[in-house]
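**Student:** Pasting the sequence and the predicted coordinates here, then a few questions.
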Amino acid sequence: MTTIRLTMAQALLRYLDQQYISVDGVETKFVKGVIGIFGHGNVTGIGEALERSPGSLTYLQGKNEQGMVHTAAAYAKQKNRRQIYACTTSIGPGALNMITAAATATVNRIPVLLLPGDNFASREPDPVLQQLEVGSDYTISATDPFKTVSKYWDRIVRPEQLMSAVTNAMRVLTDPAETGAVTLALPQDVQAEAYDYPAAFFARRVHYLDRRPPVQSALARAAEQIARGRRPLLIAGGGVLYSEASTQLAAFAEAFGIPVAETQAGKSALPWDHPLNVGAIGVTGSLAANRLAREADVVIGVGTRFSDFTTSSRSAFQHPDVAFVNINLNGMDAAKLGGEAILADAREGMQALQAVLQQRQYYSGYEDSEIAALRQAWNAEVERLYGLGHEAGLAQTAAIGVINRTIAPSSVIVCAAGSLPGDLHRLWRSAEPKTYHMEYGFSCMGYEVSGALGAALAEPEREVYAMVGDGSYLMLHSELVTSLQEQRKITILLFNNNGFQCIHNLQREHGSDGFGNEFRYREADTGRLTGEYMRMDFAAHARSLGTKGYRVETAKELEQALRAAQTETVTTLIEIPVVPGTNTGGYESWWNVGVPEVSTAERVVQSHGVMQEHRAKARLV
C-alpha cells in the first residue's frame, strides 16, 4: 500500500481539497477554502499547512470568529449549500466565539465546517494557556460546548483518527436533510504530528446528491388529503430555493389555482408580481396571506420547518378541519403539524404530486377574482407604506421603498435581525430567485455585514446590500474590513433608529413603558437610560476603516446616495436615520412571547389576558 507521510493538519487540507459534490450531473468543488484567525492553538499546525501546502484552497483572514463563520454560512446559503468554507481558530476564546454562529448555521440547515484548536492531547503542558479546566472531568475542553450546536462533532486525538472523522464530517455536510455545523476539534499537538496516510485517502471524491423522489403511497395519501380541500394554501420555504424549484413551484400553483405564501427563507422563490403570490406568511406576513391561511382547509408546506413565525405561534390556521401536507427531505420537518409527510426533494415532490392531482382533475375552489382582490389590496397597502411621510424625519417603510425601487432587481439584500426582517418580509418586492437573503432561523444580530460578505464572495457578479440596524451593526461589523482586504465590495445600508427598537416596540405592545432598549444617556435624577439619544456618526466610523460613507436625511438624498454607491468600487456605508416606531406590524397575526400573569402594571395584566385569548386558538398538535 502506497502511503504519504504528512502531519494531521496537512492531511486534512489535502483531503478537503479533493472533495466534490454532484447535483443533476454538475460537479462542484465542495470546499472553496478556509477562513481563519490564528492563535497558539492552530497557527503552527493548520496554519503551517495553509502556508506551505494549501493546494487549491483559498485562505481568507477573518477579523472576528463569529463573523467569519457567518460569512461562511452565508456563502454556503447563497451557493444553495453546494460549496463551503471551513473555519479555523485557536483554542479557548477563539473557539468559543464561533458557537453562536455554529448554532445559526445548524438552525438554518446550512453546512459549515469548524476546525477549532484544542488542548494538548498529550497533556504535557498542563494546563496550557486558555485551557478550560474541569475538575470533575478532565477530558472536557472549550470545544465540548460545540456538541449542542453541531450536527456532527469529533475530537481527533490521534492523527490516524482523521480518516474516519472527515468521512463522517462529509457525510453530514453533504446531506441536505441533516446538514448544519460540523465541528472537528483539533488538539494543538496532534495537528503537528505525522502519520503515514494511505495515498487512496487523498483520491478525488465525488458526493452525489441524488434528488430523492417521493414514494407512490405517500403521494396517494397526500393527494387524497388535498382533494378534500377547496381552499388550499401552499407555503414555500427555503427548501424550494435550495432545490432550485422555483419554476416547478409556479407550475404547481398555476396547475391548480393555489395561492402561494412565502416564509422568510422561501421569499423570492416566486416573483412578487406573480398572480398567485400572496406574499409573506405569519407573524411578519401580509394581510392577504394571513387571511387565506386563517380560512385554508389544506396547507401544503414545501421545504419549510414551520417555525412559530410562519405559523403565528400555531394560531394562523383556524379552519376546524384544516389538514397539512408536508414535502420535505427532513423527516422531523415533514412530520410537523401532524401533516401527511412526503419525504422528497422539493422539485421532485411537487412534480410527482402535480401529476397525481392532475389525474384526479383537481382544482381549487377559489373564485377567479378572490386572490386578485386580496393581492390588489395588499399592493395598495405596500404603496401606502412606501410613500409614508413623517414630520420627525424619514419613515423606515419609506426608506425601504426608495431602496427597493432604486437598486437593480438582480441585487441581493442580506438581513437577519431587528424590525427590518418584518418590514422586508412584508414589503420587499423580489423579482428574481436568491435575491432575498434572510437569516431568520436564529435571527442572529451581527449576521448582516458578515453575511453580505459571504453572499458577495458567492456571487461576485451581483451587487450585495447588507440591511442592518444600528444595534446589529454595533454588535458585529468586523468583516467589513475583510471585504476591503479581499476587494469584494458590499454596500451597508444602516438604519439608525437609536437603539433596539424592535424589542422596544415589543415591550410596549405588552404593557411596558419601554425599558433598556434605546441608546440614551443615563439621567442622574432617575438613574435610568432615559436621557437624550446618543449621537453616533456611523458614516464617519465606516470611513475611518477605509470604506466610502454617506449620511442621508431625506428620501431624495437616499436615492442619490444609492446611485452614488453603485458607482463606488469599494465597500460603502449609507447611514439612514429613521424615525423609531415607523415599522410595520399586525396584519391579523400573533406571536406568543409569554406575558406576566401578575404585575404591578395593569396594562401588563391586560396584555396577559389577550395572550390567553390567542393561545386558546392555537393548534397544540
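**Tutor:** Right, received. Where do you want to start?

**Student:** and the helix or strand containing His425, how far from the chain's centre?
**Tutor:** Element membership for His425 (DSSP states H and E) is helix 420-427. Helix 420-427 has its C-alpha centroid displaced from the chain centroid by 14 Å (C-alpha atoms, centre = their mean, to the nearest Å).

**Student:** One more: stretch 44-54?
**Tutor:** Taking C-alpha atoms, centre = their mean, one finds the center of stretch 44-54 at 31 Å from the center of the full chain.

**Student:** Let me see the mean pLDDT of it.
**Tutor:** Stretch 44-54 carries an average pLDDT of 97.

**Student:** what residues go with each domain of the chain?
**Tutor:** As assigned by automatic domain parsing, the chain contains the domains 3-208, 216-374, 387-498+534-577.

**Student:** picking that back up, which secondary structure elements does whichever helix or strand comes after the helix holding His425 sit against?
**Tutor:** Downstream of helix 420-427, the next assigned helix or strand under DSSP H and E is strand 436-438. Counting contacts by 3 or more C-beta pairs under 8 Å, 6 or more residues apart in numbering; DSSP states H and E, strand 436-438 packs against helix 65-78, strand 412-415, helix 420-427. Every C-beta, even on glycine, is put in place using the N, C-alpha and C of the backbone.

**Student:** Quick one: these as a markdown table, columns for mean neighbour count, mean pLDDT and distance to Asp297 too.
**Tutor:** What follows is the helices and strands packed on strand 436-438, written out as a markdown table (neighbours: other C-beta atoms under 10 Å; pLDDT from 0 to 100; distance: least, C-beta to C-beta, whole Å):
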| stretch | mean neighbour count | mean pLDDT | distance to Asp297 |
| --- | --- | --- | --- |
| helix 65-78 | 29 | 98 | 34 |
| strand 412-415 | 28 | 98 | 34 |
| helix 420-427 | 24 | 97 | 25 |
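
**Student:** Please tabulate the ones you listed in a markdown table and include distance to Arg360 as additional columns.
**Tutor:** Below are the helices and strands packed on strand 436-438 laid out as a markdown table (distance: least, C-beta to C-beta, whole Å):
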| stretch | distance to Arg360 |
| --- | --- |
| helix 65-78 | 37 |
| strand 412-415 | 40 |
| helix 420-427 | 34 |
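
**Student:** Show me the one of the ones you listed that comes nearest Glu133.
**Tutor:** helix 65-78 (21.7 Å; C-beta to C-beta).

**Student:** Does the closest one pack against any helices or strands, and if so which?
**Tutor:** With 3+ C-beta pairs under 8 Å, 6+ apart as the test, helix 65-78 has strand 31-36, strand 84-89, helix 99-107, strand 112-118, strand 436-438, helix 447-458, helix 479-485 packed against it.

**Student:** which helices and strands does the helix holding His425 pack with?
**Tutor:** Using 3+ C-beta pairs under 8 Å, 6+ apart: helix 420-427 touches strand 277-280, helix 370-386, helix 396-406, strand 412-415, strand 436-438, strand 464-469.

**Student:** related to what we said a few turns ago, closest one to Gly511 among the domains of the chain?
**Tutor:** Going by C-beta to C-beta, the one of the domains of the chain nearest Gly511 is domain 216-374, 18.2 Å.

**Student:** Can you measure across that closest one, start residue to end residue?
**Tutor:** Across domain 216-374, the terminal residues are separated by 35 Å (C-alpha to C-alpha, to the nearest Å).

**Student:** what are the ranges of the helices in the stretch 201-350 of the chain?
**Tutor:** Per DSSP state H, counting those that start in this stretch, the stretch 201-350 of the chain carries helices over the ranges 216-227, 238-242, 246-256, 287-295, 331-334, 346-359.

**Student:** May I see the buried residues of the shortest one?
**Tutor:** What that stands for is helix 331-334. Going by neighbour count (16 or more other C-beta atoms under 10 Å), the buried part of helix 331-334 is 333-334.

**Student:** Need the domains of the chain in a markdown table (columns: distance to Ala380).
**Tutor:** Listed next are the domains of the chain as a markdown table, based on distance: least, C-beta to C-beta, whole Å:
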| stretch | distance to Ala380 |
| --- | --- |
| domain 3-208 | 33 |
| domain 216-374 | 11 |
| domain 387-498+534-577 | 11 |
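
**Student:** quick one, which of the ones you listed is nearest to Ala616?
**Tutor:** Closest to Ala616 of these is domain 216-374 (C-beta to C-beta; 9.1 Å).

**Student:** on that earlier part again, indicate which one of the helices of the stretch 201-350 of the chain is closest to His510.
**Tutor:** When the helices of the stretch 201-350 of the chain are compared (using C-beta to C-beta), the closest one is helix 287-295, at 20.2 Å.

**Student:** Can I get the closest one in PDB, CA atoms only?
**Tutor:** Extracted C-alpha coordinates of helix 287-295, given in PDB (Å, rounded to 0.1, in the frame of the first residue of the first chain):
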ATOM      1  CA  LEU A 287     -52.800  40.700   5.200                       C
ATOM      2  CA  ALA A 288     -53.600  38.700   2.000                       C
ATOM      3  CA  ALA A 289     -51.600  35.600   3.100                       C
ATOM      4  CA  ASN A 290     -52.700  35.700   6.700                       C
ATOM      5  CA  ARG A 291     -56.400  35.900   5.700                       C
ATOM      6  CA  LEU A 292     -56.000  33.000   3.300                       C
ATOM      7  CA  ALA A 293     -54.200  31.000   6.000                       C
ATOM      8  CA  ARG A 294     -57.000  31.500   8.500                       C
ATOM      9  CA  GLU A 295     -59.500  30.000   6.100                       C
END
